[in-house]
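>>> Fold the stuff below for me.
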Amino acid sequence: MSTLSSVAVVKGPAETGFSPEPLARYLDAHLPGRWCDLELRRFVGGQSNPTYLLAADKRKVVLRKQPEGRLLPSAHALDREFRVMQALGTTDVPVPKMIHFCSDLNVIGTLFYLMEHVSGRVFKDPLLESLPRAERGALYDAMNASLAKLHGVDYAACGLADYGRPGNYFARQIERWTRQYRDSETGTIAAMDELMRHLPQLVPADDRSSIVHGDFRLENLIFHETEPVVLAILDWELSTVGHPLADLAYNCFAYHLPRRAFGGFADISLEETGIPSEEDYIEAYFSRTGIRPLAPWGFYIAFALFRLAAILQGILHRALDGNASSPDALEHGNLAGLCAEAGLAALDTSPGGRK
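Just a heads-up that it's a prediction; the model follows:
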């Protein structure tokens, strides 16, 4: 489907949280063309930073902003999103072209940036049921190749040497997301308590570093309208310098969740779907990159699902506070426990298991 099929028309502050008139004046002053007859369409979906398609005078750009209300420390880092995509625009990693960053809170009340609109297909269902079986594997291979391409970037050479701290990634991330989870905790999730207790003891001694996307999954990619080609990787809010296998494991979480949780396929057989098995998918990545895990694969999956559960807990907290970015935030946030349980199961079925 086209990206335009996943937007809803919005017209004023009641629907956007900001007035379009000051924005139109700002665009007139900073972008080519005239923007006085500005039309806004909000992209449906996404749980973090609200995103809009802006159209006027046959021009289109995409605006991405912070949500309203109280924000957790280090969350919704639009400046980092803008910076990493601008830097990667000099490489062969597919990203939208960055147009403008605005730190003036008087325009729409929050930070925002503008980027080019990339037309193509966005798929929300990891099973790709809307496509013929024969096309699904090629799209998964294209996704795999684009992730491998990202992890092969010399991030220092493209100006991102200080984008994050290299080394000790898993230990630092476990500490960070434990803190974020505790800050947004709304109730006890026993599986999360277990993961937070055991994951720090299982961290491998591996300081490999690359740019990691942090939320690399099918829904955050724009594919060519007819070909299995990734045109753009979106939603870089969680990107940093980190361990590439954290990205790969997160990319594989659908293999460990049921259909009711983000369209996962842990409770169905993949043999007739055209979707590669998890083993085949990760082997394709290993072949492309030459990277191999130093810990059992179950550790990386457990880490990815622990981190996802912490993210979902933050979404639930924002939903209960009334400043969620998506109408289904409450539903998604309530999946934190299920993700934590799946992560614990991955750990328990892995060699070594819990210590």
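
>>> So which residues of the stretch 1-150 of the chain form helices?
13-16, 20-30, 78-88, 105-108, 133-151 (DSSP state H, counting those that start in this stretch).

>>> For these, please prepare JSON lines with the additional fields mean pLDDT and mean neighbour count.
Glycine gets a C-beta too; all of them are placed from N, C-alpha and C. JSON lines is the format used below for those (pLDDT from 0 to 100; neighbours: other Cβ atoms under 10 Å):
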{"stretch": "helix 13-16", "mean pLDDT": "54", "mean neighbour count": "13"}
{"stretch": "helix 20-30", "mean pLDDT": "93", "mean neighbour count": "16"}
{"stretch": "helix 78-88", "mean pLDDT": "96", "mean neighbour count": "20"}
{"stretch": "helix 105-108", "mean pLDDT": "93", "mean neighbour count": "15"}
{"stretch": "helix 133-151", "mean pLDDT": "97", "mean neighbour count": "19"}
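
>>> Can I get these in CSV including distance to C252?
Output for the helices of the stretch 1-150 of the chain, formatted as CSV (distance: least, Cβ to Cβ, whole Å):
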stretch, distance to C252
helix 13-16, 35
helix 20-30, 39
helix 78-88, 22
helix 105-108, 37
helix 133-151, 10
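
>>> what about those helices, which gets the closest to L308?
For the helices of the stretch 1-150 of the chain, proximity to L308 was assessed by Cβ to Cβ; helix 133-151 is nearest, at 16.7 Å.

>>> Which strands and helices lie in contact with whatever helix or strand comes next after the closest one?
Of the helices and strands lying after helix 133-151 in sequence (DSSP states H and E), the nearest is helix 169-184. Taking 3 or more Cβ pairs under 8 Å, 6 or more residues apart in numbering; DSSP states H and E as the contact definition, the neighbouring helices and strands of helix 169-184 are helix 190-198, strand 240-242, helix 244-251, helix 297-321.

>>> which stretch among the helices of the stretch 1-150 of the chain comes nearest S184?
For the helices of the stretch 1-150 of the chain, distance to S184 was read as Cβ to Cβ. The smallest value, 19.8 Å, belongs to helix 78-88.

>>> Dump the closest one to PDB, keeping only the CA atoms.
The C-alpha coordinates for helix 78-88 follow below in PDB (Å, rounded to 0.1, in the frame of the first residue of the first chain):
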ATOM      1  CA  LEU A  78      14.200  14.500  17.500                       C
ATOM      2  CA  ASP A  79      17.600  16.200  17.200                       C
ATOM      3  CA  ARG A  80      19.300  12.800  17.200                       C
ATOM      4  CA  GLU A  81      16.800  11.400  14.600                       C
ATOM      5  CA  PHE A  82      17.500  14.400  12.300                       C
ATOM      6  CA  ARG A  83      21.300  14.200  12.800                       C
ATOM      7  CA  VAL A  84      21.700  10.400  12.100                       C
ATOM      8  CA  MET A  85      19.500  10.500   9.000                       C
ATOM      9  CA  GLN A  86      21.300  13.600   7.700                       C
ATOM     10  CA  ALA A  87      24.700  11.800   8.200                       C
ATOM     11  CA  LEU A  88      23.500   8.500   6.700                       C
END
